[in-house]
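**Q** Sequence and predicted model, in that order:
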Amino acid sequence: MFERLKDAGFDVLTLHHAEAIMMGDFPEAVDELEEALLALSLPVLEIVGSGGGETKLTQRLRRDLAGKGWLKRNIEIKKIVRWDEGDEGREVASLSHEIDHVKSFGSDGRTFALEIEWNNKDPFFDRDLENFKRLHAEGAISIAGLITRGASLHANMRGIIGRFADENQITDFATLDAFGYSPTRRQRENITARAERSGSFRNAWVDWFVADKFGEATTHWRKLQDRVLRGVGNPCPLVLIGIPDSVVSFDYSAASTDEL
């Protein structure tokens with residue numbers, strides 16, 4: 001399952017019989033997810049210009065999934081106690097969960113819930129996984145998935161930004177202006193202090209940018225893997241996918257700073 005994704009360098013992990021469930025009940029979901037993910041391309045300009053937030057890559061992926069019927073849903077679960085048939089009942093519990101991408105397959109209510117955590121604070125993994133656990137326990141979803149920054153993309157981010165700096169001769173803040181990167185006063189002060197210590201503006205900016213925007217406390221493959229392997233989200237069937245560094249493009253015509 002997901003062999004095309006694995007061949008393309010994506011991280012894939014399935015837990016709690018998710019692979020058997022996918023192959024038996026959600027074969028269309030496998031095809032749709034592979035199609036959407038294999039089409040991803042991330043111009044390095046979008047990484048730099050976005051400053052590390054939700055990049056246009058994430059936005060494109062969301063639009064593609066929405067076009068395939070994976071829509072944002074607010075799932076509400078209420079528990080009502082009735083003492084007899086005529087009793088209107090009393091609400092004793094109510095839970096509401098907003099999921100970014102939900103799709104039902106077949107006529108029997110088989111439902112797949114999916115979240116994308118490209119570059120958020122890593123506690124969002126706990127939120128997503130606990131939501132999936134509760135929704136699965138209540139019978140609202142059959143299986144859940146998370147897409148995040150893969151191991152290779154996270155590990156090689158410094159190399160990616162370093163290559164950008166070298167190819168564009170980044171030597172000061174002025175050379176960054178043309179690429180839509182507008183550091184705050186705090187960032188400028190920190191980068192300047194690092195540059196003075198190291199003697200290299202290029203190295204100081206690369207190190208600061210990666211640490212500040214794509215640090216260890218953000219959502220990436222290892223943080224997700226650590227959580228699920230210690231049982232967070234258990235026993236909800238889970239499909240986890242990490243986006244690899246191979247999606248990054250250094251074709252500077254592929255994106256313009258006007259679009260960032």
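**A** Noted; the coordinates are in hand.
**Q** Going by C-alpha atoms from here, please, whenever you check contacts or count neighbours.
**A** Noted.
**Q** all strands for the stretch 151-260 of the chain, in order.
**A** Counting by DSSP state E, counting those that start in this stretch, the stretch 151-260 of the chain has strands at residues 238-243, 248-249.
**Q** Pick the most buried one from these.
**A** Most buried of these by mean neighbour count (mean count of other CA atoms under 10 Å) is strand 238-243; its value is a mean of 25.
**Q** returning to what we had before: just put the strands of the stretch 151-260 of the chain in TSV and tack on distance to residue 142.
**A** As requested, these are exported to TSV (distance: least, CA to CA, whole Å):
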stretch	distance to residue 142
strand 238-243	10
strand 248-249	33
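**Q** what about the closest residue to residue 219 other than its chain neighbours, how many neighbours?
**A** Spatial nearest neighbour of residue 219, excluding adjacent residues (CA to CA, 6 or more residues apart in numbering): residue 122 at 4.5 Å. By other CA atoms under 10 Å, the residues close to residue 122 number 16.
**Q** Can you say which of the strands of the stretch 151-260 of the chain is nearest to residue 104?
**A** The closest approach between residue 104 and any of these, judged by CA to CA, belongs to strand 238-243 at 15.9 Å.
**Q** where does the stretch 1-150 of the chain dip in pLDDT?
**A** Scanning the stretch 1-150 of the chain for pLDDT under 70 picks out the ranges 50-54, 91-95.
**Q** if we go to 80?
**A** 50-55, 76-80, 82-97, 107-109 (pLDDT under 80).
**Q** any idea how far residue 184 is from residue 120?
**A** For residue 184, the distance to residue 120 (CA to CA, to the nearest Å) stands at 19 Å.
**Q** quick one, which of those two is more surrounded?
**A** Comparing residue 184 with residue 120 by other CA under 10 Å, the one with more neighbours is residue 120, at 19 against 9.
**Q** isn't the more buried one right up against residue 216?
**A** No: using CA atoms under 8 Å, residue 120 is not in contact with residue 216, being 10.9 Å away.
**Q** What are the boundaries of the helices in the protein?
**A** Applying DSSP state H to the chain gives helices spanning 3-7, 18-25, 27-38, 44-50, 56-67, 123-137, 151-155, 157-167, 173-177, 185-198, 201-213, 221-229.
**Q** out of those helices, nearest to residue 74?
**A** helix 123-137 (11.5 Å).
**Q** OK, contacts around residue 10?
**A** Going by CA atoms under 8 Å, 6 or more residues apart in numbering, residue 10 touches 150, 241, 242, 243, 244.
**Q** got TSV for those residues, with distance to residue 1 too?
**A** Below are the contacts of residue 10 laid out as TSV (distance: CA to CA, whole Å):
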residue	distance to residue 1
150	18
241	12
242	15
243	16
244	18
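**Q** ok, back up a step: just want the phi and psi numbers for the residue nearest to residue 219.
**A** For residue 122, the backbone dihedrals (degrees, to the nearest 10) come out as phi -60, psi -20.
**Q** Report the separation between it and residue 157.
**A** Residue 122 is 17 Å from residue 157, by CA to CA.
**Q** repeat for residue 206
**A** Relative to residue 157, and taking CA to CA, residue 206 is found at 9 Å.
**Q** One more: residue 236?
**A** 31 Å.
**Q** Out of those two, name the residue with the larger neighbour count.
**A** Relative neighbour count places residue 236 above the other of residue 236 and residue 157, with 25 against 20, counting by other CA under 10 Å.
**Q** quick one, what contacts the more buried one?
**A** Here residue 236 is in contact with 16, 132, 133, 136, 137, 142, 143, 144 (CA under 8 Å, 6+ apart).
**Q** again, only this time at 7 Å
**A** 16, 132, 133, 136, 143 (CA atoms under 7 Å, 6 or more residues apart in numbering).
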